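> Here is my input, please return the structure:
(chains A and B)
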Amino acid sequence: GQQVMQIPQYQHVQEGEDFTTYCNSSTTLSNIQWYKQRPGGHPVFLIQLVKSGEVKKQKRLTFQFGEAKKNSSLHITATQTTDVGTYFCVPFYGGSQGNLIFGKGTKLSVKP
Amino acid sequence: KAGVTQTPRYLIKTRGQQVTLSCSPISGHRSVSWYQQTPGQGLQFLFEYFSETQRNKGNFPGRFSGRQFSNSRSEMNVSTLELGDSALYLCASSLGKENEQFFGPGTRLTVL
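Residues are numbered from 1 along each chain as shown, chains lettered A, B, ... in the order given. Here you go, the predicted model:
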């Protein structure tokens, strides 16, 4: 069946270090979305990747979609305490059917 | 535009009772999805409604049900509450399933 694994589940970094979370699917995706949830908050949409090999940047955040559209990554350069939260990748397989899978995400903590 | 609203924000119930949660989506959004979030299981998909029809359903028992009205407002109901139903219930609205989802602040349900 359709499965997505997001790793790592937890990441602790020192402020200023880089951080990367990976999302890997067993089947080809039509597109993928990334969300961030701050502690005590609700998920907030960050970006959607649609094209094979796509790379998008938002300030210190870089999002990539693999050439085979089976994996994606979010990289944060020089983390800040404001980056703390849980990052979720949400895969889409096409069609109106199919459940929305958020999973457990990657929980990032940043030590000042 | 007003964001997604959920009522009530907090709720305390006892085992065996039932509860109804409400979600008002962003104006113009016809898709409403519900999620359960717990520390151990992460963010799990409950169901999605589109134009008053349940389009997708997650892996939850039949005690969890929902509906959507003609104005796109949605309700979810949990009957015969169990201690394990204590969670944050999030509602999200979007133009369509693969569009950006906008989350409400959630309803924190505590079952005693």
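
> show me the contacts for the residue most central in space within chain A.
Centroid-nearest residue in chain A: A:Cys89, 4.0 Å away (criterion: CA atoms, centre = their mean). Contact analysis of A:Cys89 by CB atoms under 8 Å, 6 or more residues apart in numbering or on different chains lists A:4, A:6, A:21, A:23, A:32-34, A:72, A:74, A:105. Placement of C-beta: from N, CA and C, glycine included.

> what about residue 94, how many neighbours?
Chain wasn't specified; assuming chain A. A:Gly94 has 11 neighbours, counted by other CB atoms under 10 Å in any protein chain shown.

> I was after chain B.
By other CB under 10 Å, the residues close to B:Ser94 number 23.

> what sits against it?
B:Ser94 makes contacts with B:29, B:31, B:33, B:100-102, as judged by CB under 8 Å, 6+ apart.

> Let's see that with 10 Å instead.
A:45, A:100, B:4, B:25-26, B:29-33, B:48, B:50, B:100-103 (CB atoms under 10 Å, 6 or more residues apart in numbering or on different chains).

> got it, and B:Gln6?
Residues in contact with B:Gln6 (CB under 10 Å, 6+ apart) are A:42, B:21-24, B:34, B:74, B:89-91, B:103-107.

> Looking at it now. What's its pLDDT?
pLDDT recorded at B:Gln6 is 98.

> A:Gly1 now?
Reported pLDDT for A:Gly1: 54.

> What of B:Lys1?
69.

> And for A:Gln97?
60.

> Where does pLDDT dip in chain A?
By pLDDT under 70, the weakly predicted segments of chain A are A:1-2, A:96-99.

> need the contact list for the residue nearest to A:Gln9 when sequence neighbours are not counted.
Leaving aside its chain neighbours, A:Gln9 sits nearest to A:Lys104 (6.0 Å; criterion: CB to CB, 6 or more residues apart in numbering or on different chains). Applying CB under 10 Å, 6+ apart to A:Lys104 gives the contacts A:6, A:9-10, A:86, A:88, B:39-44.

> Quick check: bridge partners of the residue nearest to the centre of chain A?
A:Cys89 has the following beta-bridge partners by DSSP bridges: A:Trp34.

> Report the spatially nearest residue to B:Gln17, omitting neighbours in sequence.
Counting by CB to CB, 6+ apart, the residue nearest B:Gln17 is B:Leu81, at 5.2 Å.

> about what we covered before: inside strands: which ones of the contacts of A:Cys89?
A:4, A:6, A:21, A:23, A:32-34, A:72, A:74 (DSSP state E).

> for those residues, which one is nearest chain B?
A:Gln33 (7.1 Å; CB to the nearest CB).

> Quick check: the closest one vs A:Gly95, distance?
A:Gln33 sits 16 Å away from A:Gly95, going by CB to CB, to the nearest Å.

> Show me which of those two is the more surrounded one.
Shown here are A:Gln33 and A:Gly95; by other CB under 10 Å, A:Gln33 has more neighbours (24 against 9).

> Remind me which helix or strand the residue most central in space within chain B belongs to.
With distances taken as CA atoms, centre = their mean, the residue of chain B nearest its centroid is B:Trp34 (3.4 Å). For B:Trp34, the host element (DSSP states H and E) is strand B:31-38.

> Pull out the buried residues from that strand.
B:31-37 (16 or more other CB atoms under 10 Å in any protein chain shown).

> Bridged to B:Leu11, which residues?
Going by DSSP bridges, B:Leu11 forms beta bridges with B:Leu109.
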